[in-house]
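Model the following, please.
(one chain, ligands or ions: 1)
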Amino acid sequence: MSETNLSKTYDFSSVEQRLYDWWEKSGFFEPSNDPNKPGFDPARKPFVISIPPPNVTGELHLGHAMFVSMEDLMTRYHRMKGVPTLWVPGSDHAGIATQMLVEKALLKEGLHREELGREEFLRRTWNWKEKYGATITSQIRRLGASCDWKRERFTLDEGLSRSVREAFVRLYEKGLIYRGPRMINWSPGLKTAVSDLEVEYSQEPGFLYYFKYVLADNPNEFIPVATTRPETILGDTAVAVHPEDERYQKYVGRQVIVPVLNRMVPVIADAYVDRAFGTGALKITPAHDPNDYAIGLKFGLEAINILTDDAKINENGGPYRGLDRFAARKKLWEDMRALGLVIKEEPYTLNVPRSQRGGEIIEPRISTQWFVHIQPLAEAGLEAVRDGRIRIVPERFTKVYYNWLENIQDWCISRQLWWGHRIPVWYCDDCKNMTVSRQDPAQCATCGSGNIHQDPDVLDTWFSSGLWPFSTLGWPEETPDYKYFYPTSVLETGYDILFFWVARMIMDGLEFTGKVPFETVYLHGLIRDEHGQKMSKTKGNVIDPLIVMNEMGTDALRFTMLVGSTPGSDTNLSLKKVEANRNFANKIWNAGRFVIGALDQVPQAATAKPEWTLADSWIWARLQSLVGDVDRLFAAYQYGEAGRQIYEFFWSEFADWYLEIAKLQLNEGGDRAFYTAQTLVRVLDASLRLLHPFTPFVTEELWGHLKQALQDRPTLYTPAEGWAAALMVARFPEPWPVEGWEAQKVADFSAVQDVVRAIRNLRAEKKVVPGKRIPAILAAGDRLPVFQSQRATLAALAFLDPAAFTLAETLPDKPHGSVGLVVSGVEIYLPLAGLVDAESERTRLQKELDEVKGQIERLEKLLISDFARRAPAPVVNKERQKLASFQETAAKLQEQINVL
Ligand SMILES: [Zn+2]
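Okay, here's the model as predicted:
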């Protein structure tokens, strides 16, 4: 193997797919300790993650890319630590999203699902799933996800369907599931209840409508009331005021008349009413507002539903029956105006609930649905975090979790859809009783009648995803996988679904398995654009991860997201950063290419024991320190910082410094070349291992070449545990103890670096031709022995003329005609004659000085003029500061002219 065998730049497009297929085919994604295989050791604790199942309808976006990168990093890290590792992949049937998609496709054929019937519709949906459902998982593979695809699950597959039914029946049998009318979010377009998650609130301009509630016993008296949704007046069953509101006390207990409908409703008093909002009097519509619903329950008010399933006014709306909700709003308001009941309209910003799917306005509505009585489950969920059985990272989200569970409402689990887990409840047409069963019953459990029909509704998608960590492992069966891999280790997801999903898994896990479903919840932030704006199609700032991977490679995208992240904080992503990290992948590749190529120049064996150079010792000590830091940072979930430090080490220390010095050392030949090569391959090998969880492809590819080259050279370097089959199953570097010499070597080398940097800066400042050898005088003090040993290195890296390079401990006199400076206690003098032509330098400096003097003169005049007395103090001060700065520059320039 030689340098020429490796392409000049890293060609990710020819590498990624090939490596991924090879990893998968080789079984590297499967757990190294498998309870279903011989030789299984139950005592070894595994590391397990269940993937947040993406919607089967999904297309890869940066949110997916983030969690896949993060979970793959965790999985690859633990696998390389030698821990049996399992990452369970799968997808979610996504009830509403999928059903909408198929319905849309049907509409193009001019078909409606009702015409097809339930069975045929479901057959078509399954066909759709078979045909397109793998898109998202193949895109997840592109990110390098090392999931065990042999254990891939789908929330509607047979096993998971069994889990769902078991969970429902158990809850029902414990009295924790009930059916009844309650306030829910209703989607008129989809004609189903939807979860809070599927409702998005948007700020929109609207009106606050003020009108009169006329007293029943005196048509001349009225209570002014304001509403944002006048059509709900049709469902009003009370007007509420604050008990201490003097304006309205006289009305409490009397009756008022509902406009147009002329129903009489009571005036009630409740401290919930905000006296400062609107008129301070509140219309109460228990059937169409969650807060009114609560007041309605408290006062025993009637809840009058005024809407049909598709949000038209129903029979309770009198003359407005059959009108769409918005048409009814307009018509009712105009009718009220004609009746003299309107006071005014005022522009008002509304917080409008819209469907996440269709975008239509969601109606709060009372509807008969199935609910989970959540209180007992929530208490257990709170306890598990309070007593430390589950840790939330970052910790600040613990409070958010408590707050949510302490205020949780019963969970509406039924949806009026066809695609999903059908509710396992059968109603008897004869005795009207329910049969709830694990198996489909043939007859009523109460009277034995065969006239039974199943509930038409399906369960909320989150009902099945709440069971995900254990249903995917075989629960309720005590399968070997379930017994060994459950509870899982880490649940990793965005902080935005802490409640909807994470809290439900915790409650379900405790309820059904008696165990926490995972030990740690790791929450990553959301990905924003480079200016910190949320990405959205309307803003046009969405970055498509597939395009980025096509153009810059998967490693570049992964590294950018992982290194930019801190737990729970949002990440700003720019294409410039991805581009910089594509350059990093190339840097890794080029460094590796140099190291592998260098092996050709190195003798087969050493003749004596190693004599390490300062640079050898330094890079080794720096690697040791890095490995220790990475270990600590990984344990603290600070993956982004760990990645940043590895990057810095590799680029700035290994590639920029050690490789340059190694070139000199290799040229010395003999044992020096042999041990330099040994250091190069040891550091490169360790670096590739450290980087692998972040950038799996470029590291695996390069490591393969390194391994191949070194297998021919076992005396040069063989890893302690031998060469693994692949980098992804090789061992992650373990910290090793400090021996005591490291700090001094690092300090000495830092001094050398400082001196080299200072000379390079001076050369740049004086515009010395690159590569031109210049004379130098160094007074190194105590460090003289170190600098003497590094003479050749210094001369090479700072382009000093070896024949005119003086090293001394101290200098009795400052050399004349030199630029002098002091860094790390070392005095550096660069004779200017060697740098520049003295005469032209004098001319240049003088010209600069004249210009500065001109500025000084101008400012001095300005500051004794009227301006200084009239202008505001800050403006004058600014000019004074400018003057001081010009004076300082002038003094420095004069000094430089003097030593010429
Ligand atoms: Zn019956």
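
burial of Gly474, as a residue count?
By other Cβ atoms under 10 Å, the residues close to Gly474 number 18. (Glycine included, C-beta is placed from N, CA and C.)

Tell me who's in contact with it.
The contact partners of Gly474, by Cβ atoms under 8 Å, 6 or more residues apart in numbering, come to Gly159, Asp481, Tyr482.

next one: Arg365
Applying Cβ under 8 Å, 6+ apart to Arg365 gives the contacts Met183, Ile184, Asn185, Trp186, Ala287, His288, Asn305, Leu307.

So which bits of the helix or strand hosting it are buried?
Arg365 belongs to strand 363-372 when assigned by DSSP states H and E. Using 16 or more other Cβ atoms under 10 Å as the test for burial, strand 363-372 gives Glu363, Pro364, Arg365, Ile366, Ser367, Gln369, Trp370, Phe371, Val372.

What strands line up against that strand, and which way round?
Strand 363-372 pairs in its sheet with strand 177-187 (antiparallel), strand 411-412 (antiparallel), by DSSP bridges.

out of the contacts of Gly474, which is most surrounded?
Taking other Cβ under 10 Å as the neighbour criterion, Asp481 ranks highest of the contacts of Gly474 with 21 neighbours.

from memory that residue sits against Arg151, does it?
Yes - the criterion here is Cβ atoms under 8 Å, and Asp481 meets it with Arg151 at 7.5 Å.

Tell me how many other residues surround the residue in the stretch 701-850 of the chain that the ion sits nearest to.
Nearest residue of the stretch 701-850 of the chain to the ion, counting by Cβ to the ion: Met728, 59.4 Å away. Around Met728 there are 24 other residues, counting by other Cβ under 10 Å.

Gly388 now?
Gly388, neighbours per other Cβ under 10 Å, totals 8.

The one 10 residues further on now?
One way to gauge burial is a neighbour count; for Thr398, by other Cβ under 10 Å, it gives 17.

can you check Ala216 too?
16.

what does stretch 465-473 rub up against?
With Cβ under 8 Å, 6+ apart, stretch 465-473 has contacts from 50, 53, 88, 90, 92, 151, 153, 155, 159-160, 163-164, 167, 464, 475, 479, 481-482, 485-488, 491, 501, 504-505, 507-509, 512-513, 517-518.

Sitting in strands, which of those residues do you find?
Among the contacts of stretch 465-473, DSSP state E puts Ser50, Val88, Gly90, Arg153, Thr488, Leu491, Phe518 in strands.

out of those residues, who has the most neighbours?
Per-residue neighbour counts (other Cβ under 10 Å) across the ones in strands among the contacts of stretch 465-473 peak at Ser50, which has 29 neighbours.

Just to check, that one is in contact with Leu86?
No - judged on Cβ under 8 Å, Ser50 makes no contact with Leu86 at a distance of 9.1 Å.

can you list residues touching both of those two?
If you check Ser50 and Leu86 against Cβ under 8 Å, 6+ apart, no residue is contacted by both.

Helices along the stretch 351-500 of the chain, start to end?
Assigned by DSSP state H, counting those that start in this stretch, the stretch 351-500 of the chain shows helices spanning 375-386, 397-406, 461-465, 468-471, 480-485.

tell me the most buried of those helices?
Highest mean neighbour count among the helices of the stretch 351-500 of the chain (mean count of other Cβ atoms under 10 Å): helix 468-471, with a mean of 27.

Quick one: mean pLDDT for that one?
Over the span of helix 468-471, the pLDDT mean works out to 97.

Dump the C-alpha coordinates for that helix into PDB.
Output of helix 468-471 as PDB, limited to C-alpha atoms (Å, rounded to 0.1, in the frame of the first residue of the first chain):
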ATOM      1  CA  TRP A 468     -42.800   1.400  21.800                       C
ATOM      2  CA  PRO A 469     -39.800   0.600  24.000                       C
ATOM      3  CA  PHE A 470     -41.300  -2.700  25.100                       C
ATOM      4  CA  SER A 471     -43.800  -3.600  22.400                       C
END
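
how many neighbours does the residue in the stretch 801-900 of the chain that the ion sits nearest to have?
Relative to the ion, the nearest point of the stretch 801-900 of the chain is Pro874 (88.1 Å; Cβ to the ion). If you count neighbours by other Cβ under 10 Å, Pro874 ends up with 7.

Sort out which residues of the one helix or strand it maps to are buried, please.
Per DSSP H and E, Pro874 falls inside helix 873-899. Using 16+ other Cβ under 10 Å as the test for burial, helix 873-899 gives Val876, Glu879, Lys882, Leu883, Phe886, Gln887, Thr889, Ala890, Leu893, Gln896.

ok now do whichever residue of the stretch 451-600 of the chain sits closest to the ion, which residues does it touch?
Of all residues in the stretch 451-600 of the chain, Ile452 sits closest to the ion, at 7.1 Å by Cβ to the ion. Ile452 sits next to Trp426, Tyr427, Cys428, Asp429, Thr435, Pro441, Gln443, Cys444 when contact means Cβ under 8 Å, 6+ apart.

From Asp429, how far off is it?
7 Å (Cβ to Cβ, to the nearest Å).
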